[in-house]
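> this one's structure only:
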Ligand SMILES: Nc1ncnc2c1ncn2[C@@H]1O[C@H](COP(=O)(O)OP(=O)(O)OP(=O)(O)O)[C@@H](O)[C@H]1O
Ligand SMILES: Nc1ncnc2c1ncn2[C@@H]1O[C@H](COP(=O)(O)OP(=O)(O)OP(=O)(O)O)[C@@H](O)[C@H]1O
Ligand SMILES: [Mg+2]
Ligand SMILES: [Mg+2]
């Protein structure tokens, strides 16, 4: 994986995508083989942002406190942390919910808080585990574009797990397809299309062809 | 809502879809207005199956015990309950995981256990809150078809919350579009297409038109 | 003056009258002693506090204690015995007819954990009492009052009167000392080290306390009583008066050897007799050098007999 | 706001009414039984006599209650600090936990009635001896529950903290302490009562020196004097103090957990 | 399988090694200090003397330990049954809970040293009186923790049960009891030690009549006789028994929770 790349992971449920992200993040040790970093150095804390498959919010903290958490852990001044958290919350469409508790939010809103928390840190590598699965089409599309903008602007690398073939094609410049038992990557497809991908991209031929290709590869992976 | 209907609820995140399902199920009392049942009688336990937005499994029970729960609550004989649970697990592609604990499963697998639990009971009304959001495309399509088959076979009514416009059009014969603050239904669209809807249906003109229409309505709802 | 601390074996009561009188009347002062009296209580282990050097003298309740010191190598020695008779009694209800120890054999008796280690052994050996007669006594009279056939242990000077106050009934009391129980009571104990290094302090302490007892029982005790009531508010004038009367009537302090050798008297013969019964009962080995537990060096000087 | 307050008060009253009624019923039965069977007051006094004693002896019992409460409060504080600090130490390293936990258990199962005489020998100050005794009684539930709570932090959240390079201290403050809070508070509610009986029992066995004395001494004294109504009055004061402490700690729990913990959320019935 | 067993045993040994080392160190220091300062055994005996006393007096101490353990086990059982049943009752209806909880608190804060004499009056059988006293000491943590646990069931799961028309009994068995299990077990671990000291303290204050007597009586007896090494030997037995009870209950917890509860999952450090 190259710096600045946008890699999508797709694969059947239970094939090990979440586990792969955890491996990359160093949260679990590989049982075999190893995770290699360019230049040999492991990423420093704050370099990696992670959106777990579940929102994983602190139930005792309000939304704002949940989002500022990574910043406070990095000992940022409170005022700046809160300002950045508000920006991130606005990005995911949750202004006005700063003082709510997680249990007062809907499922999709909780997930958005989790996304805001990952973005607030300005990581160099962003690991996202089905971040938009619980969101409506329109919010999802908007966040897709926001994510791409962020990616282009900050030059970060993103590993993105999704079940939406369309989403994977729209977003990434490489797609890895995984299969289950044992979990492994069975195919890699580059998506050759320049960024920014305008709304028209979705109706273009490249897009359709790539989607079909990924779907087919996925079908093969599941049959495997 | 008529018996035997397949109604989809779509709407922006946080607009009250989950809340609406809870109201229908009688889990929370309406703050205003009321839920009316045909013939005046409230449904008996077991008549309603519910797939929550989160898997909501018992962490201390193995998969099989989680799925047989509704049957055991209805005092079914153990052997029959387990046989039915195994069938339901097979339906969602989880054979072989009967003895796993929820925390050993991936997010999508947990959700599938939750779906199996809702199906095992043969309810007359099935409430499903984004059941397939965490599943890969192919499993999702398969379960879509399985769900439709079940629906046709058992003549049950389904209220289905989803964020996928495509899914809602493919599955339902009526789509309700909700808007937020205050949560309300802003549009209702019938999908006039005969069942069983073959795979070809997805590529037909009716399908495309309906999708576009729902997307537009959703866009208006979000702007509202 | 020499500063000394004496620890009593229970909360302040008339049974410590001699010590308080010696303090209140300035007898200790006259003997150049600056005495501090620390009252005891149900869970204070006087001997340990004495051995640990927290006290210079302690009141030892019965003759078992010095023997225990010997057995366990604790260098504490009894130097005087204020009570010729241990005021330990057994009490029964007035109408029960239980006026002799023989009649109590086999009947349930309220006995405290501490007492199982002393006079109960005597009752077992001499009167054939058995352990299954024991019912726990926690220094609360209610179980006795609630049961008309009950028997309980007591102190001559305290429980009988308390029962009388509570129920209006004058109970039957049997003083064990009059039934062959040869324990001393209210002994003054000191460490071996004190005896060796400061024998004059010990002698002055013994003398002053003896004079205090003579004064307390034969002169006006009100100065000591005031101190007792200060230290232990549960004491009333009536209780104290009753206790003093009891001590006089039964000759707790002034009887036996005390009438010829002076208050505080002890004798080898009596220690020997007491030890013989305990050894017979198997409480102590027959070869225990029990004589190390006491010394006659400071008593039997006929102090105060002239009066 | 005012209406809300009034409503809250009304609800509180309604909630207090029922236990009060049960209490009244129990006391009534008791009183009636005493009168019916003519039980003498030195065996079991009637509630009315206890109440009379409570009022009459208040000048004696009041200061005694204050002394006992002071010891209880101080030892609860010490239990919170001591138990909490130990739990933190144990949570910090399983190695330390494994090495020291057996000794915490030893402290818990040490019967203070047995060691009080030793403590008195080693500690010269009576109040300090009382505090040590009461602390021994009260600290273990806090230690045990807090240790459990610190180890019950959500695994996924813990991974998140690791990922963001949280220091041990930060993980403790922002993750493990909040997770442990419900457990700690449950332990606190148990220890509150234990600190109170610890204070009483300690005074029973260690005795309060000098003029300062608490309810235990008054109970003993009343017992020796056969002033059983006063003894029951003192016991009633202990009970009331226990309920008050529990209510206080339960209120504290509710305040701290009401926004997020299952146990503090309103229940529908 | 056999290799696994061996590995498990080795791990267990390694885990036990550290506390044992700490213990050895503490005992060594103690022994050295006693010898260095020439402390006489009747003040504080050296560990070696305590061990000697333990072996020498085993014919006396062994049966006493058995008696005390029997009382502790029975009263723990009674605490589990009583505390558990009360918690169930309280969970069944907040109304009952509100009406009776204050009385449970009264029981907890009642100092048995004060009421033991009364219990002896009311209950003629000494062993029964001991059991009641020890039960009073042990039952509250179980009641309190279990009540909390029963009320901490996941709200969404509770809704699911309602939806499927689960009866109260079914909800209890399949949802609330499993949810309460970790809390109950935490309470049990606290109560285990309390039952033990309850048994000891009860015997201290209520006294064991007749031939049957436990460690408390042996401690008192040794105290009166100034046989301090034996007294410490008896205290050591109590400590060891407490650790054994805790280890047993902790093992039980682990067995019951290992598959699913955070606190029982392996921790990485
Ligand atoms: N316990 C609560 N207290 C306060 N507000 C709540 C509570 N539960 C839900 N809400 C609010 O009710 C609204 C509707 O929530 P609901 O879960 O029904 O949304 P939804 O349509 O299912 O959204 P999503 O698609 O994100 O799941 C949200 O704005 C949420 O903040
Ligand atoms: N703690 C565990 N113990 C045993 N097996 C586990 C554990 N956690 C995960 N697994 C197994 O590892 C496999 C991969 O899980 P993972 O969560 O990585 O899947 P995934 O690709 O993210 O699936 P999904 O799309 O459903 O989220 C699954 O088969 C799961 O059963
Ligand atoms: Mg996953
Ligand atoms: Mg929802």
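Received, thanks. Because the structure is a prediction, the values reported are computed rather than measured. Ligands and ions are numbered 1, 2, ... in the order given.

> For residue A:174, which non-adjacent residue is spatially closest?
residue A:7 (4.9 Å; CB to CB, 6 or more residues apart in numbering or on different chains). Bear in mind the C-beta positions are built from the backbone N, C-alpha and C, glycine included.

> List the contacts of that neighbour.
Neighbour list for residue A:7: A:1, A:157, A:158, A:159, A:160, A:172, A:173, A:174, A:175, A:176 [criterion: CB atoms under 8 Å, 6 or more residues apart in numbering or on different chains].

> which among those end up buried?
A:157, A:158, A:159, A:160, A:172, A:173, A:174, A:175, A:176 (16 or more other CB atoms under 10 Å in any protein chain shown).

> ok, so of those residues, who is nearest residue D:200?
Proximity of the buried ones among the contacts of residue A:7 to residue D:200 (CB to CB) peaks at residue A:159, which lies at 62.8 Å.

> residues in contact with the residue lying closest to residue C:155 once chain neighbours are set aside?
Leaving aside its sequence neighbours, residue C:155 sits nearest to residue C:87 (CB to CB, 6+ apart; 5.3 Å). Listed by CB under 8 Å, 6+ apart, the contact set of residue C:87 reads C:15, C:155, C:156, C:157, C:175, C:177, C:185, C:246, C:247, C:250, C:252.

> Tell me which of the residues you listed has the lowest pLDDT.
Across the set of those, residue C:157 stands lowest in pLDDT, at 85.

> So it sits against residue C:249, correct?
No: look at residue C:157 against residue C:249 with CB atoms under 8 Å: they stay out of range, at 10.3 Å.

> and which of the contacts of residue A:7 is nearest ligand 4?
Nearest to ligand 4 among the contacts of residue A:7 is residue A:160, at 22.8 Å by CB to the ion.

> thinking again about what came up before, scan the contacts of residue C:87 and report the most crowded one.
Taking other CB atoms under 10 Å in any protein chain shown as the neighbour criterion, residue C:15 ranks highest of these with 28 neighbours.

> Now that one: phi and psi?
The phi/psi pair for residue C:15 (degrees, to the nearest 10) reads phi -70, psi -10.

> And for residue C:81?
The phi/psi pair for residue C:81 (degrees, to the nearest 10) is phi -130, psi 100.

> Surely it and residue C:187 touch.
Yes: if you go by CB under 8 Å, residue C:81 and residue C:187 touch, sitting 4.7 Å apart.

> need the contact list for residue 189.
Since no chain was named, I'll use chain A. So residue A:189 contacts A:174, A:175, A:177, A:210, A:213, A:214, A:217 (CB under 8 Å, 6+ apart).

> that's the other chain; I wanted chain D
Contacts of residue D:189 by CB under 8 Å, 6+ apart are D:246, D:249, D:250, D:253, E:144.

> Tell me how far the last one lies from ligand 4.
Separation of residue E:144 from ligand 4 (CB to the ion, to the nearest Å): 36 Å.

> Find the nearest non-adjacent residue to that residue, please.
Leaving out its chain neighbours, the residue that sits closest to residue E:144 by CB to CB, 6+ apart is residue D:190, at 5.5 Å.

> burial measure for the one you found, as a count.
Neighbour tally, residue D:190, other CB under 10 Å: 28.

> again with residue C:10
If you count neighbours by other CB under 10 Å, residue C:10 ends up with 18.

> between the contacts of residue C:87, which is closest to ligand 1?
Taking CB to the nearest ligand atom as the measure, ligand 1 lies nearest residue C:155 of the contacts of residue C:87, at 69.5 Å.

> of the contacts of residue C:87, list those near ligand 3.
Among the contacts of residue C:87, not one lies near ligand 3 by CB under 5 Å from the ion.

> Okay, and which of those residues map to strands?
Counting by DSSP state E, these place C:155, C:175, C:185 in strands.

> isn't the second one right next to residue C:83, touching?
No: shown here, residue C:175 and residue C:83 do not form a contact pair, counting by CB under 8 Å, at 11.6 Å.

> Residue C:145 and residue D:39 touch, don't they?
No: judged on CB under 8 Å, residue C:145 makes no contact with residue D:39 at a distance of 11.2 Å.

> Neighbour count for these two, which is higher?
With neighbours defined as other CB under 10 Å, residue C:145 and residue D:39 compare such that residue C:145 has more, 23 against 14.

> Please give me every residue in contact with that one.
Listed by CB under 8 Å, 6+ apart, the contact partners of residue C:145 are C:163, C:166, C:167, D:40, D:42, D:43, D:226.

> Which residue in the residues you listed has the weakest pLDDT?
Among these, residue D:226 carries the weakest pLDDT, at 68.

> okay, now the residue in the stretch 101-250 of chain C that ligand 1 sits nearest to: neighbour count?
In the stretch 101-250 of chain C, the residue that lies nearest ligand 1 is residue C:138 (56.1 Å; CB to the nearest ligand atom). When neighbours are counted by other CB under 10 Å, residue C:138 registers 20.

> Show the backbone phi and psi for it.
Torsion angles, degrees, to the nearest 10, at residue C:138: phi -120, psi 30.

> Tell me the pLDDT of it.
71.

> nearest residue to it other than its sequence neighbours?
residue E:117 is the one closest to residue C:138 (CB to CB, 6+ apart), at 4.5 Å.

> so which helix or strand takes in the one you found?
Using DSSP states H and E, residue E:117 sits in helix E:112-122.

> In chain C, where's the longest helix?
Counting by DSSP state H, the longest helix found in chain C is helix C:199-218.

> Past that helix, which element shows up next along the chain?
Of the helices and strands lying after helix C:199-218 in sequence (DSSP H and E), the nearest is helix C:222-231.

> Same question for that next one: list its buried residues.
Buried residues in helix C:222-231, defined by neighbour count with 16+ other CB under 10 Å: C:223, C:224, C:225, C:227, C:228, C:229, C:231.

> gap between the fourth one and ligand 4?
Just to be clear, that refers to residue C:227. Residue C:227 is 81 Å from ligand 4, where distance means CB to the ion.

> What of the third one?
For residue C:225, the distance to ligand 4 under the criterion CB to the ion works out to 84 Å.

> looking at it, that residue is touching residue C:238, isn't it?
No: here residue C:225 does not reach residue C:238: they are 11.2 Å apart, not a contact under CB under 8 Å.

> Enumerate every residue touching residue 197.
Using chain A. Residue A:197 makes contact with A:148, A:170, according to CB under 8 Å, 6+ apart.

> what about stretch A:49-67 and ligand 2, touching?
Yes: applying CB under 6 Å from any ligand atom, one finds stretch A:49-67 touching ligand 2 at residue A:53.

> now that stretch, how far from the chain's geometric center?
15 Å (CA atoms, centre = their mean, to the nearest Å).

> Ok, stretch D:131-151 next?
11 Å.

> any weak-confidence spans in chain D?
Across chain D, the ranges flagged by pLDDT under 70 are D:1-9, D:12, D:206-212, D:224-226, D:264-269.

> all strands of it, in order?
With DSSP E, there are no strands along chain D.

> how about the helices in it?
So, for chain D - with DSSP H - the helices run D:2-37, D:47-56, D:58-92, D:94-109, D:112-122, D:126-150, D:155-163, D:168-171, D:177-206, D:215-224, D:228-257.

> And chain A, split by domain according to the record?
A:1-47+A:123-224, A:57-122 (automatic domain parsing).

> Please identify which of those domains is closest to residue D:170.
Nearest to residue D:170, of the domains of chain A and by CB to CB, is domain A:57-122 at 5.4 Å.
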